[in-house]
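K.L.:
return atomic coordinates for the entry below.
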Amino acid sequence: MIITLKKRATKQEEKKVVEKIKKLGYIPHISKGKDVTIIGMVGEFAEKYSELFESMDEVDHISEIEKPYKLASRDFKQENTIIKLPYGIEIGGNKVPVIAGPCAIESKSVLEEIAKIVKDGGGTILRGGAYKPRSSPYTFQGLGEKGLKFLHDVGVKYKIPTISEAMAVEQVPLVSKYCDIVQIGARNVQNYDLLKACGRQKKPVLLKRGMATTIKEWLLSAEYILSEGNNNVMLCERGIRTFETATRFTLDLNAVPVVKKLTHLPVVLDPSHGIGIREHVPTMAKASLAAGADAIALEIHPRPEEALSDGAQSLLPDQYKKLLSELKVLAKALDREI
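P.N.:
A predicted model of the protein is given here:
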């Protein structure tokens with residue numbers, strides 16, 4: 001249920017409504033617009049208390065959210081959510097950050113080399129996997145906490161926010177301790193215990209779409225995070241599995257305008273995983289920007305032939321720098337910035 005307060009309601013009036021919601025055993029979620037504050041009352045059968053709140057002087061009107069993803073819905077919040085990160089970086093506004101780095105953290109020296117390439121080329125967020133979900137148990141599984149420490153140290157050195165994936169509930173505290181963004185990978189999009197654990201910590205969360213996940217299922221997964229109290233959620237389209245075998249996955253550009261109409265959450269595009277072929281990644285990155293992406297995620301490596309994970313889709317440094325210069329031109333034509 002949505003409780004809309006009267007225009008320019010005071011803090012005290014807002015507090016009065018919030019306390020009543022809590023007293024009834026429900027969870028309040030506050031969304032502030034320019035003039036109006038909306039409070040979501042989350043829980044089963046919340047609508048039975050509608051008359052109770054309608055009678056309060058502080059309340060303008062009550063409405064119900066028909067969509068199953070309540071807090072992620074535009075019905076709950078009309079304004080786009082802006083994710084604020086260290087060093088003045090934002091995701092969800094007119095500027096489009098570029099998230100770049102290796103698929104897996106291999107060593108501190110290689111990560112430092114890549115971080116310098118990312119920063120010098122115009123990238124604004126450093127990615128790197130410390131825990132790697134691999135199809136084969138015999139392939140490189142990541143450096144774990146040691147890798148997260150490398151990522152943290154390199155991020156501080158180059159003054160760049162960092163992101164890494166948590167694969168299990170027990171990994172969430174470590175990833176949130178060392179990184180600025182916690183990533184939930186495609187294989188864990190419906191790992192509900194993991195989603196809830198990420199919702200209970202306060203770092204922003206990037207939620208990747210599963211390879212066979214519908215948009216509705218994806219938004220419901222985001223709802224698990226939001227319902228635990230973490231409002232800083234981003235959705236990442238990284239390709240879905242179709243009948244096509246010429247590419248690794250099929251990057252679903254259709255999802256971008258559809259999802260942006262349904263939700264206020266930022267949408268990130270990952271063309272590296274979406275197509276999986278190095279030479280075609282720049283084209284799909286430009287298509288992602290044109291489709292309305294709020295951020296673009298890329299994999300890069302100075303020596304892809306030596307990469308311990310996803311070398312075939314990782315851009316070379318020169319390709320990366322060329323792509324970012326092209327994205328800047330395209331962004332200007334779209335009245336945006338990289």
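
K.L.:
and the gap between residue 158 and residue 54?
P.N.:
Using C-beta to C-beta, to the nearest Å, one gets 53 Å for the distance from residue 158 to residue 54. Quick note: C-beta positions are derived from backbone N, CA and C, even for glycine.

K.L.:
okay, those two: which has more neighbours?
P.N.:
Summary of the neighbour comparison: residue 158 and residue 54, criterion other C-beta atoms under 10 Å, with residue 158 having more neighbours (16 against 12).

K.L.:
isn't that one right up against residue 119?
P.N.:
Yes: under the criterion of C-beta atoms under 8 Å, residue 158 lies in contact with residue 119, with a separation of 5.2 Å.

K.L.:
count the residues that sit near residue 44.
P.N.:
The local packing count at residue 44 equals 8, with neighbours defined by other C-beta under 10 Å.

K.L.:
what of residue 8?
P.N.:
Here the neighbour count serves as a burial measure; for residue 8 (other C-beta under 10 Å) it reads 10.

K.L.:
check the one 4 residues further on too.
P.N.:
The burial count assigned to residue 12 is 8, neighbours taken as other C-beta under 10 Å.

K.L.:
contact partners for it?
P.N.:
Residue 12 makes contact with no residue under the criterion C-beta atoms under 8 Å, 6 or more residues apart in numbering.

K.L.:
try it again with 10 Å
P.N.:
With contact set as C-beta atoms under 10 Å, 6 or more residues apart in numbering, residue 12 has these partners: residue 58.

K.L.:
that one: what secondary structure?
P.N.:
In terms of secondary structure, residue 12 is helix; the call rests on DSSP: H, G, I helix; E, B strand; the rest coil.

K.L.:
contacts for the top helix by length along the chain?
P.N.:
If you go by DSSP state H, the chain has its longest helix at helix 317-333. Taking C-beta under 10 Å, 6+ apart as the criterion, the residues outside helix 317-333 that touch it are 94-96, 98, 100, 113-114, 116-118, 120-123, 271, 278-279, 281-283, 285-290, 296, 298-303, 314-316, 336-338.

K.L.:
rewinding a little: between residue 158 and residue 119, what contacts are shared?
P.N.:
residue 126.

K.L.:
so which of the contacts of helix 317-333 are in strands?
P.N.:
Members of these lying in strands (criterion: DSSP state E): 98, 100, 296, 298, 299.

K.L.:
can you list those residues in TSV and add distance to residue 34 and pLDDT?
P.N.:
As requested, the ones in strands among the contacts of helix 317-333 are exported to TSV (distance: C-beta to C-beta, whole Å; pLDDT from 0 to 100):
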residue	distance to residue 34	pLDDT
98	30	98
100	34	98
296	29	98
298	35	98
299	39	97
